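In: quick one: sequence and predicted model below, then my questions.
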Number of protein chains: 2
Amino acid sequence: MKTIFENVKILVEKGEGFEIVDGSIGIDGEKISFAGAAPEDVSGYQKIDGKGQLVMPGLINSHTHVYMTIFRNVADDLMFDDWLFGNILPREDKLLPGDSYWGTMLGIGEMLRSGTTAFLDMYIFTDENVQAAADSGIRAVMSRGLSGASDRDEGGERRLREATEEIKKWRAAAEGRLTFMLAPHAPYTCAPDYVEKVIGRARELGVGIHTHLAESRNEIKNIAEKYGCTPIEYMDRTGLFDLPTVAAHCVYLTDNDIDIFAAKGVSIATNPVSNLKLANGIAPVKKYLERGINVCLGTDGAASNNCLNMFRDLSFLTLLNKGLLEDPLAVSAEDGLKIATVNGAKALGLDDTGSIKAGNKADLIFIDLDRLNMFPHNNIISSLAYSANGSEVTRTIVNGKTLMENGELKTIDEERVRFEVARIADRINN
Amino acid sequence: MKTIFENVKILVEKGEGFEIVDGSIGIDGEKISFAGAAPEDVSGYQKIDGKGQLVMPGLINSHTHVYMTIFRNVADDLMFDDWLFGNILPREDKLLPGDSYWGTMLGIGEMLRSGTTAFLDMYIFTDENVQAAADSGIRAVMSRGLSGASDRDEGGERRLREATEEIKKWRAAAEGRLTFMLAPHAPYTCAPDYVEKVIGRARELGVGIHTHLAESRNEIKNIAEKYGCTPIEYMDRTGLFDLPTVAAHCVYLTDNDIDIFAAKGVSIATNPVSNLKLANGIAPVKKYLERGINVCLGTDGAASNNCLNMFRDLSFLTLLNKGLLEDPLAVSAEDGLKIATVNGAKALGLDDTGSIKAGNKADLIFIDLDRLNMFPHNNIISSLAYSANGSEVTRTIVNGKTLMENGELKTIDEERVRFEVARIADRINN
């Protein structure tokens, strides 16, 4: 199956930033076959006119908990303990097998509609989350959350076994769209010897690491009291960062923490909306970029955001750093776009995605530039960070397949998803 | 013309907050005739099924410069002087008569699509902005920006005369949808005796005041150096606050400034996105609310936002204060909704708008609750602040008339607006 979209504008990398090229983009099977000038012979290609559309790389949601979309808005404007112990955990207890599939499908549908083509997930229900990602056609890096009070903790051992079985079962499936990481949850839920056990397993499986670090002042305080170090130093001592690692949040890093991340090539997945919503603060992303750290962007789960719309997080990311540092140049639109695409691909180990060039996977989104909020076209790159809200996405292509077109999902039955999720919400709220 | 929307959910005020009521809402001419239970006799009403829709008051954009929508994205990621002197002012110089009409129409179209039913505008081109507001069917409080180096400044006198003529010409037109204020621009552009002159004129005309105050640290410093006081103290000395006043920005207020505002009943129009974008900082809205000040919400112009989407500013408003104060209760979803509706109506002197009750003007928006990002309905009030992005608005009614339905504008020719604005942008950018 070969398709050309003609008369489009295309967002391509140029030096440290991007430029907009007028032309065509060709897709051959799973891959981009050309971008810009079409080759002379395009026989065999189906032609589609894309006038008024910008084609750009799909956004990469580099930290989320998709099944938690079930819990959207259940516990807002509450103190953290009320949020977690009074609301989220009691509802998680009421979930039944299968529920997580529908929660994940709801979140994936929302992401496809708002321009996300790949995500890094952390969850507690094995298999059904992965099944949903497989069925939906999206690209995903899946990781089961792991916690353990010691290397002999039975629950910890069980979770690690389930994660291992899942990876072995799924890693060759779904046209290679699914890859895996192991996810030691956080320094406050994983003892050092348990982390070491996870590291050993990750080496055996050849997978990277997904974790939460330095999210809140409370965490910093508690780890300092217990171990006399920062959360980053704690994990560094276990050797975790010798594996490719994505560390979510990182709101509070010391200079030494940043040195460790820079030396070990750890990627930071920043979550600006979630950090505000849970009142944790604002991550100094400009500082991390200046130190050469690979920063990527995530929405976190819908229970703490409350949506999975990467365009929204992109605008918060770029605007917050300007306001925080009182510097309008702090994190530019181009910085933000790179963080939401190229850097995400690098962090997630999706080497042939995140940018538009021949040979890369066709993970693409189309933006309707005729929308009034995107008009006039004084600076299209700026408009993606500062004017778009995600509803301008008219087509989402993953691995060469159109999964959403003009608001219609091709692989997900929206009505069924709403029916199932409403049923689950009724049960867990009562 | 009488219409009932049946099977809807309705957002109504309850105590300090809101509740959701199931039922119907009736519109008779310009007004809401009932909300909740329908009266027994509804003969003469046209019935429309609204299943899956929430009806809420239209959002009130309490500070903007709509014609500047022409300048969207022209000057992003720049220092303030480059922004203003290198980019905005040279382009304003190239504007021709009529351009401002199309810029205003573009911004109004964007607002109607994203759920705004009324706005408070400040502009420099008289008449054509007002004509656009009149033609579009939206509700607007219009104010021509005024500056003057003294009470004998000829330019200042001319601007005040133009504003006066405009008010006399238009105040009885457009079914009463247009009201007016006078807009002494800011303490750094208006000398004390000029402000006093404006005050006198406002009294004669019976209109309120719209101004910018305490937007940046630079302004605070400059006014302190020149007058030995804060911008608020400066304006208070002129007697300005004896008139109903909307003060935009107010990022930096002293305790004494807050006391003055509380005593004089000045409304603050906070502009969270613009304040971040121009790197001015974050206004401590929670503090203002605690002191009983009427806080309302504005987008500011598209040159410093870069869109006129009140749902986006609503999410920034509620989330920023949580992150800034590290307090998840700082500004709740209900606080935010009140700021964006009821408080806006109060600030703008639109007493019979801003909330849903029989007898109020029918300024209403419909939200599609079936959108995946609004699902499930764990807490609809929360979802308006934390999950919506403005694209869920399926119908916008102003003064009883549907101006937007399913993305289609009824009174604005979108294609013509794009054509004219593209033409203007081409000219001023080259």
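Out: Done, it's in. Residues are numbered from 1 along each chain as shown, chains lettered A, B, ... in the order given.
In: check the offset of the worst-scoring helix or strand of chain A on mean pLDDT from the chain's centre.
Out: None of the helices or strands of chain A scores lower by mean pLDDT, DSSP states H and E than helix A:80-81, at a mean of 80. Computed by C-alpha atoms, centre = their mean, to the nearest Å, the chain-centroid distance of helix A:80-81 equals 24 Å.
In: same check on stretch A:406-416?
Out: 21 Å.
In: find the residue at the geometric middle of chain A.
Out: The centre of chain A sits closest to residue A:61, judged by C-alpha atoms, centre = their mean, with a distance of 1.9 Å.
In: and that one, which of the three is it?
Out: strand (DSSP: H, G, I helix; E, B strand; the rest coil).
In: bridging residues for the residue nearest to it when sequence neighbours are not counted?
Out: The spatially closest residue to residue A:61, leaving aside those adjacent along the chain, is residue A:119, at 3.9 Å (C-beta to C-beta, 6 or more residues apart in numbering or on different chains). To be clear about C-beta, it is placed using only N, CA and C from the backbone, and glycine gets the same treatment. Taking DSSP bridges as the rule, residue A:119 bridges to residue A:61, residue A:140.
In: can you pull the contacts of residue A:119?
Out: A:60-62, A:64, A:66, A:111, A:138-141 (C-beta atoms under 8 Å, 6 or more residues apart in numbering or on different chains).
In: next, format these as TSV and append pLDDT.
Out: Converted to TSV, the contacts of residue A:119 look like this (pLDDT from 0 to 100):
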residue	pLDDT
A:60	98
A:61	98
A:62	98
A:64	98
A:66	98
A:111	98
A:138	98
A:139	98
A:140	98
A:141	98
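In: make JSON lines out of those residues and add distance to residue B:233.
Out: Output for the contacts of residue A:119, formatted as JSON lines (distance: C-beta to C-beta, whole Å):
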{"residue": "A:60", "distance to residue B:233": "50"}
{"residue": "A:61", "distance to residue B:233": "48"}
{"residue": "A:62", "distance to residue B:233": "48"}
{"residue": "A:64", "distance to residue B:233": "48"}
{"residue": "A:66", "distance to residue B:233": "52"}
{"residue": "A:111", "distance to residue B:233": "50"}
{"residue": "A:138", "distance to residue B:233": "57"}
{"residue": "A:139", "distance to residue B:233": "58"}
{"residue": "A:140", "distance to residue B:233": "57"}
{"residue": "A:141", "distance to residue B:233": "56"}
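In: just name the closest of those residues to residue B:340, please.
Out: Distance to residue B:340, by C-beta to C-beta, is smallest for residue A:111 among the contacts of residue A:119, at 26.9 Å.
In: hmm, residue A:337 is touching residue A:314, no?
Out: Yes - at 7.3 Å, residue A:337 counts as touching residue A:314 under the criterion of C-beta atoms under 8 Å.
In: okay, and the common contacts of these two?
Out: Residues touching both residue A:337 and residue A:314 (C-beta under 8 Å, 6+ apart) are A:384-385.
In: what parts of the stretch 1-150 of chain A come near chain B?
Out: Within the stretch 1-150 of chain A, the residues that sit near chain B (C-beta under 8 Å from any C-beta of the partner chain) are A:70-74, A:76-80, A:83, A:106, A:109-110, A:113-114.
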